[in-house]
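Participant: Starting from these lines, generate the structure:
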Amino acid sequence: MTAQEIGRVVQTQREWFRSGATLDTAYRLRALTRLEACIRRRQQEIETALRQDLGKSGFESYMCETGLVLSELRWMRKRLKALAKPKRVPTPLAHFPACSRVEPSPYGAVLIMSPWNYPFLLTLDPLIDAIAAGNTAVVKPSAYAPHTSALLSRLLAECFPPEYVTVVTGGRRENACLLEERFDLIFFTGSQSVGREVMTRAAEHLTPVILELGGKSPCIVEKSADLKLTARRIVFGKFLNCGQTCVAPDYILCDASVRVPLLECLKAEIRRQFGKEPLKNPHYGKIVNEKHFDRLMGLLDMDKVVCGGESSRSEWRIAPTVLDGVAWEDAVMREEIFGPILPVLTYEDLDQALESIRTRPAPLALYFFTRDRALARRFMARCQFGGGCINDVIVHLATSEMGFGGIGASGMGAYHGAEGFRAFSHYKSVVERGTWLDPPVRYQPYRAVHQRLMRLILR
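Facilitator: You can find the predicted model right below:
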């Protein structure tokens with residue numbers, strides 16, 4: 001689309017929103033029902049697109065993308081009427097006679113910019129929340145996942161008229177044109193560098209933003225942890241989607257006394273899950289493009305590889321790789337990895353590990369493996385992070401019952417379920433006063449008796 005065409009789309013959506021059509025909860029429910037039906041019809045197409053873009057197997061596509069979208073849809077349809085209902089709140093005596101309520105209302109025309117690593121899930125999850133809250137939406141999928149982007153364009157055009165939901169495809173030029181427009185809210189998922197640009201451009205229009213970014217999410221393995229189970233769960237979460245997951249464990253920080261047995265368990269578990277030759281495993285994905293493949297290969301120090309390290313440039317594939325003897329100063333520790341490379345660092349004292357994490361930017365996720373739950377809770381209470389798990393990884397985001405979001409450098413705002421509805425809603429505070437009584441206390445001229453009465457009411 002050209003800048004002029006994008007401008008007309010935004011203006012059309014703003015006019016449609018002002019018509020009041022999206023304020024009816026029944027209208028929103030019908031929209032969500034249409035979307036669910038369309039997704040169910042196109043499941044094979046969705047699976048094919050995700051395989052073409054990221055090499056995902058059908059099982060992984062459903063488990064990590066389509067199934068989670070359908071789960072969010074079912075959750076939202078079931079609870080939408082309750083979420084959209086105004087809530088009565090207590091009214092101060094000074095307002096008598098009156099009643100007070102909080103009313104959720106949509107922002108208006110919103111922009112949703114999604115990433116390439118989970119292109120179906122991370123486009124439709126926020127869109128579901130935006131529709132449920134009563135907004136219109138312009139959706140901008142990532143150009144790095146072209147097959148899924150094209151599918152989303154067809155799917156959403158089948159479900160919704162363009163004045164309600166429009167997909168804008170393309171790359172940086174289209175992104176720049178969209179950010180020139182004045183939206184009522186911007187929802188962005190992606191890298192910290194692009195997130196800064198989005199926030200800068202949004203500030204020009206005083207547009208609120210929700211940023212879902214990333215960071216180096218640590219995985220602490222305390223000496224009492226069940227190492228076999230720990231390794232199994234870490235290997236699953238780290239190498240899912242070929243490591244291209246924003247909440248994947250970025251690195252392991254383990255007690256020095258368990259480093260050697262943990263490394264052996266990690267190597268055994270990689271063989272168990274991916275086979276002796278992971279690059280020949282049809283269920284193991286690929287790196288999204290050549291640029292990211294080259295970046296990841298540049299982070300590999302082959303002298304520190306204890307498992308994996310094999311790669312295929314023609315297929316953009318890198319085997320699950322574990323690095324040992326890594327220092328905080330190494331290249332692999334200076335940026336978010338976002339790929340199938342797992343550095344292992346050690347600590348001598350848990351307080352030392354705590355300070356190592358607290359002195360760095362707040363991560364999107366934090367994981368703690370131990371048999372001492374009380375210790376884990378104390379540790380996690382003293383760290384800032386978006387969300388996390390004790391004795392597991394990444395599963396905290398796979399529910400509509402809890403919000404998902406970052407803090408500090410890893411993002412701002414949250415979504416999923418009720419948090420998603422709230423993210424795309426403004427809550428109006430409304431006082432409705434009766435007209436049958438109008439106490440003169442607040443009006444001039446002020447009298448001593450009125451002052452005593454005011455102090456009594458507002459003490």
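
Participant: Okay, and Leu366 sits in which element?
Facilitator: Using DSSP states H and E, Leu366 maps to strand 365-369.

Participant: what angle separates the helix or strand just after that strand from strand 365-369?
Facilitator: Downstream of strand 365-369, the first helix or strand assigned by DSSP H and E is helix 373-381. Interaxial angle of helix 373-381 relative to strand 365-369 (axes from the mean of the first three to the mean of the last three C-alpha atoms, to 10 degrees): 160 degrees.

Participant: Output the contacting helices and strands for helix 373-381.
Facilitator: Other elements packing on helix 373-381 under the criterion 3 or more C-beta pairs under 8 Å, 6 or more residues apart in numbering; DSSP states H and E are helix 350-358, strand 365-369, strand 387-390. Quick note: C-beta positions are derived from backbone N, CA and C, even for glycine.

Participant: Please dump those into a markdown table; it should also carry distance to Arg201 and mean neighbour count for every row.
Facilitator: What follows is the helices and strands packed on helix 373-381, written out as a markdown table (distance: least, C-beta to C-beta, whole Å; neighbours: other C-beta atoms under 10 Å):
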| stretch | distance to Arg201 | mean neighbour count |
| --- | --- | --- |
| helix 350-358 | 32 | 15 |
| strand 365-369 | 27 | 27 |
| strand 387-390 | 27 | 21 |
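
Participant: Need the phi and psi values for Thr22.
Facilitator: Per-residue torsions, Thr22: phi -80, psi 0 (degrees, to the nearest 10).

Participant: Tell me the spacing between it and Pro161.
Facilitator: 12 Å (C-beta to C-beta, to the nearest Å).

Participant: what about those two, which has more around it?
Facilitator: Thr22 (21 against 11; other C-beta atoms under 10 Å).

Participant: which non-adjacent residue is nearest that one?
Facilitator: Excluding the flanking residues, the one nearest Thr22 by C-beta to C-beta, 6 or more residues apart in numbering is Gly134, at 4.5 Å.

Participant: Pull the number of nearby residues for the one you found.
Facilitator: By other C-beta under 10 Å, neighbour count at Gly134 equals 26.

Participant: likewise Leu68?
Facilitator: Leu68 has 22 neighbouring residues, counting by other C-beta under 10 Å.

Participant: Quick one: residues contacting it.
Facilitator: By C-beta atoms under 8 Å, 6 or more residues apart in numbering, Leu68 lies in contact with 121, 125, 398.

Participant: so what's it scoring on pLDDT?
Facilitator: At Leu68, the model reports a pLDDT of 97.

Participant: That one and Ala398: what is the separation?
Facilitator: Note on Leu68: its distance to Ala398, by C-beta to C-beta, is 6 Å.

Participant: circling back to that earlier point, just the contacts of Leu68: which are in helices?
Facilitator: Taking DSSP state H, the ones among the contacts of Leu68 that sit in helices are 121, 125.

Participant: Pretty sure the residue nearest to Thr22 sits against Leu23.
Facilitator: Yes. Using C-beta atoms under 8 Å, Gly134 is in contact with Leu23, at 5.8 Å.

Participant: got any residues that touch both of the two?
Facilitator: The contact sets of Gly134 and Leu23 overlap at Pro106 (C-beta under 8 Å, 6+ apart).

Participant: coming back round to it: residues touching the residue nearest to Thr22, list them.
Facilitator: 22-23, 28, 84, 105-106, 425.

Participant: Phi, psi for Leu185 please.
Facilitator: Main-chain torsions, Leu185, degrees, to the nearest 10: phi -160, psi 140.

Participant: ok, now which ones touch it?
Facilitator: Leu185 touches 107-108, 110-111, 135, 207-210, 424, counting by C-beta under 8 Å, 6+ apart.

Participant: Dig out what it forms beta bridges with.
Facilitator: Applying DSSP bridges to Leu185 gives these bridge partners: Val110.

Participant: number of nearby residues for Arg173?
Facilitator: 12.

Participant: make that Ala256, sorry
Facilitator: Counted by other C-beta under 10 Å, the residues lying close to Ala256 total 12.

Participant: And His205, by the same measure?
Facilitator: By other C-beta under 10 Å, the residues close to His205 number 14.

Participant: so how far is stretch 311-331 off the chain centroid?
Facilitator: A distance of 25 Å separates the centroid of the chain from that of stretch 311-331, by C-alpha atoms, centre = their mean, to the nearest Å.

Participant: What residues of it count as buried?
Facilitator: For stretch 311-331, a neighbour-count test (16 or more other C-beta atoms under 10 Å) marks 311, 316-324, 326 as buried.

Participant: Output these as TSV; include the columns pLDDT.
Facilitator: As requested, these are arranged in TSV below (pLDDT from 0 to 100):
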residue	pLDDT
Ser311	96
Trp316	96
Arg317	96
Ile318	97
Ala319	97
Pro320	97
Thr321	97
Val322	98
Leu323	98
Asp324	97
Val326	95
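
Participant: which of those sit farthest apart?
Facilitator: Trp316 and Asp324 (25.4 Å; C-beta to C-beta).

Participant: got a pLDDT number for the closest residue in space to Gly325 that isn't next to it in sequence?
Facilitator: Ranked by C-beta to C-beta, 6+ apart and with sequence neighbours excluded, the top spatial neighbour of Gly325 is Lys304, at 5.1 Å. Per-residue confidence (pLDDT) for Lys304: 96.

Participant: quick one: contacts for Lys304?
Facilitator: By C-beta under 8 Å, 6+ apart, the residues touching Lys304 are 323-326.

Participant: Any chance of those residues in CSV with distance to Gln192 and secondary structure as columns?
Facilitator: What follows is the contacts of Lys304, written out as CSV (distance: C-beta to C-beta, whole Å; DSSP: H, G, I helix; E, B strand; the rest coil):
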residue, distance to Gln192, secondary structure
Leu323, 23, strand
Asp324, 28, coil
Gly325, 28, coil
Val326, 22, coil
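
Participant: domains of this protein?
Facilitator: The record's domain parsing of the chain by automatic domain parsing lists 3-213+412-427, 218-405.

Participant: Of these, which is nearest Met454?
Facilitator: Met454 sits nearest to domain 3-213+412-427 of all those, at 7.8 Å, using C-beta to C-beta.

Participant: now the closest one: how far from the chain's centre is it?
Facilitator: Worked out by C-alpha atoms, centre = their mean, domain 3-213+412-427 lies 12 Å from the chain centre.

Participant: ok, the contacts of Leu185 vs Tyr144, which is closest?
Facilitator: Each of the contacts of Leu185 was checked against Tyr144 using C-beta to C-beta; the closest is Leu111, at 18.4 Å.

Participant: from what I can see the closest one touches Glu180, true?
Facilitator: No. Taking C-beta under 8 Å as the definition, Leu111 is not a contact partner of Glu180, at 11.2 Å.
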